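J.: sequence unknown, structure follows:
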């Protein structure tokens, strides 16, 4: 973001506070365009994308401060060019520093996997190279035979957080997104017992379609969450069933590492994954997976053969 653009945004933020225009609570951000050439956009109440590139260069960690989000929300939609057609959507922010994820964080998922409930959040990491757009293909990795799906609520950090309490957490959250924690169970369990190894192949972290400002979500612990494969509903849950809620997770992680703007946290998945079925049922090339969360919209991916 240029210094001129930043100054303009902060000035707009002041106007917003004086005029009562939209705040960060109304912001729904998106990045659209070809891979590597995405542009920043904002989504209106009708679901249409408006171009923000006249105001910011991209949606980066710097964009996630309350001041910047408030300023973007204060720009009248009528002043922003409408993006025509149905462009490809990318990951809704760039510059993500860390992808953290929490395992076995829904009571019913832990039960279907026959594991005891964790006594504190079970952390693993996903490689940032796994990030991909919400409607891009998921590539089955070479030598991977147990490909699985996991619909997840993702928390996006907006402010540097270290040793924060649960009561403070929501001041540090910029917003939320849908995440698909694609998993290769053979890599995860049979190749050294590594969650990260089974969760980090290219295209294993579809994120989006939108980055939804935190105040748009009244209660992150009461959202329906689901997935379907080839039109068949597989997961139907609610974030109320989390073992550890959003506030507990973010506070807990901040005790062990500093969280920075743009860091993202996958918060776990409910029951219904292919690995928990009898017999286990894994994804194969040609399958179409949809994952979604109430208030955050949905993703859709086609599984393609190894490259």
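T.: Here it is on my side, so go on. None of the values given here were measured: they were computed from a predicted structure.
J.: so where does residue 291 fall, helix or strand?
T.: In this assignment (DSSP states H and E), residue 291 forms part of strand 288-293.
J.: That strand pairs with which strands, and in what direction?
T.: strand 224-229 (antiparallel), strand 297-304 (antiparallel) (DSSP bridges).
J.: Residue 143 is nearest to which of those strands?
T.: The minimum distance between residue 143 and these falls on strand 297-304, with 15.6 Å, by C-beta to C-beta. Glycine gets a C-beta too; all of them are placed from N, C-alpha and C.
J.: now residue 148: how far from residue 301?
T.: 13 Å (C-beta to C-beta, to the nearest Å).
J.: ok, now residue 208?
T.: Separation of residue 208 from residue 301 (C-beta to C-beta): 11 Å.
J.: Look at the two and report which has more neighbours.
T.: Neighbour totals were compared for residue 208 and residue 301, and residue 208 leads with 29 against 24 (other C-beta atoms under 10 Å).
J.: Surely that one and residue 90 touch.
T.: Yes: Residue 208 lies in contact with residue 90 (C-beta atoms under 8 Å); the separation is 7.4 Å.
J.: Need the residues touching each of the two.
T.: 31, 133 (C-beta atoms under 8 Å, 6 or more residues apart in numbering).
J.: picking that back up, so what's in contact with residue 208 and residue 301 at the same time?
T.: Both residue 208 and residue 301 are contacted by residue 134, under the criterion C-beta under 8 Å, 6+ apart.
J.: show me the residues around residue 252 that make contact.
T.: 120, 121, 244.
J.: Kindly report the same for residue 196.
T.: Contacts of residue 196 (C-beta under 8 Å, 6+ apart): 124, 125, 126, 127.
J.: Go ahead and build a ChimeraX selection from the buried members of these.
T.: A single ChimeraX command selects the buried members of the contacts of residue 196 (16 or more other C-beta atoms under 10 Å):
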select :124,126
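J.: Show me the contacts of residue 196 that map onto strands.
T.: The strands, defined by DSSP state E, take in 124, 125, 126 from the contacts of residue 196.
J.: Is it possible to get JSON lines of those residues that adds pLDDT and distance to residue 271?
T.: Converted to JSON lines, the ones in strands among the contacts of residue 196 look like this (pLDDT from 0 to 100; distance: C-beta to C-beta, whole Å):
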{"residue": "124", "pLDDT": "97", "distance to residue 271": "19"}
{"residue": "125", "pLDDT": "97", "distance to residue 271": "24"}
{"residue": "126", "pLDDT": "98", "distance to residue 271": "21"}
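J.: Can you pull out the low-pLDDT segments for this protein?
T.: Residue ranges of the chain with pLDDT under 70: 1-25.
J.: how about the helices in the stretch 1-150 of the chain?
T.: Using DSSP state H, counting those that start in this stretch, the helices assigned to the stretch 1-150 of the chain run over residues 3-19, 66-74, 107-112.
J.: Which elements pack onto the shortest one?
T.: Identification of packing neighbours for helix 107-112 by 3 or more C-beta pairs under 8 Å, 6 or more residues apart in numbering; DSSP states H and E yields no helix or strand.
J.: which residues touch it?
T.: With contact meaning C-beta under 8 Å, 6+ apart, helix 107-112 is reached by 104, 116-118, 237, 241, 243, 268-273, 276.
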